[in-house]
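Asks: prediction below, plus the sequence it came from.
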Amino acid sequence: MAAFALVHGAWHGAWCFEKLVPALAAKGHRAVAFDLPGHGADPTPPEQVTLSAYVERVGEALARLDGPALLLGHSMGGMVIAQAAEEHAPRVRALVYLAAFLPRNGESLGGLAIPSAVTPNLRPDREAGVVRFDPAGARDAFYHDCSDADVETASARLCPQPITPWTGPVRLGARYEAIPRHYVECTLDRAIPIAEQRRMHAASRCRVHTLEAAHSPFYSMPEQLAGVLDAIARHEERR
């Protein structure tokens with residue numbers, strides 16, 4: 001049995017893994033999902049939400065698990081798990097980037113501008129310190145291969161995204177580089193198009209896995225995603 005810590009992306013919360021957690025449990029693994037500060041049910045105000053706060057929350061989750069965990073980051077969560085791996089390396093067995101940003105040292109999310117279906121739906125509110133996402137665009141950007149019920153439920157739960165974490169660069173060194181990395185690319189993704197995913201993982205030392213899915217396979221194909229993650233866990237156990 002492996003332990004997974006699941007880190008959600010921008011505008012999302014732990015709720016987005018509601019199908020994946022039981023799918024992993026069915027394969028004998030323990031998975032924990034949690035809200036980053038300012039997301040989901042977490043009440044942290046936007047002005048207190050930073051990349052460091054995200055990384056601290058990940059560290060708290062890792063500390064609750066028995067032994068090193070596979071740390072998965074979806075979308076923006078890729079930035080978070082990279083920095084968390086550098087700061088909490090002894091608790092991380094391997095990194096799994098799921099249709100995620102995969103930064104190199106010194107890069108910030110704001111500096112990784114890409115052509116995306118996300119962009120037309122952004123509604124910045126600088127006074128509040130957040131970027132809101134127009135839920136009318138959620139199906140096209142995030143969930144276009146998901147059921148109508150899942151699109152409706154997920155779109156209604158999107159939250160304002162604090163701006164500050166997007167501006168902080170990651171600081172990655174030898175501890176990060178020593179941790180095995182896996183990338184689960186999603187070929188139908190419109191939020192981080194497959195060409196961008198491949199550009200990022202080609203520039204990094206990654207073992208690559210492929211799903212014919214849009215940006216949110218934890219909704220559209222949780223069992224298939226759990227199968228990929230199970231294979232990753234078994235690979236790491238054999239190392």
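Replies: Nice, thanks for sending it over.

Asks: list the contacts for the most centrally placed residue in the chain?
Replies: Taking CA atoms, centre = their mean, the centroid of the chain lies closest to H74, which sits 1.8 Å from it. Contacts for H74 (CB atoms under 8 Å, 6 or more residues apart in numbering) come out as 6-9, 12, 16, 98-100, 218. Quick note: C-beta positions are derived from backbone N, CA and C, even for glycine.

Asks: if you set the cut-off to 7 Å instead, what comes out?
Replies: 7-9, 98-100 (CB atoms under 7 Å, 6 or more residues apart in numbering).

Asks: out of the residues you listed, which sit inside strands?
Replies: By the criterion of DSSP state E, membership of these in strands covers 7, 98.

Asks: what does the residue nearest to the centre of the chain show for phi and psi?
Replies: Main-chain torsions, H74, degrees, to the nearest 10: phi -100, psi 130.

Asks: that one and H39, how far apart?
Replies: H74 sits 12 Å away from H39, going by CB to CB, to the nearest Å.

Asks: show me whatever sits in contact with both of the two.
Replies: Common neighbours of H74 and H39 (CB under 7 Å, 6+ apart) are H8.

Asks: got the buried residues for stretch 43-58?
Replies: 44, 46, 49-51, 53-55, 57-58 (16 or more other CB atoms under 10 Å).

Asks: and the furthest pair within those residues?
Replies: P46 and V58 (18.9 Å; CB to CB).

Asks: thinking again about what came up before, of the contacts of H74, closest to H88?
Replies: V7 (12.1 Å).

Asks: where along this protein do the strands fall?
Replies: 3-7, 30-33, 69-74, 92-98, 122-125, 130-133, 161-162, 181-186, 207-211.
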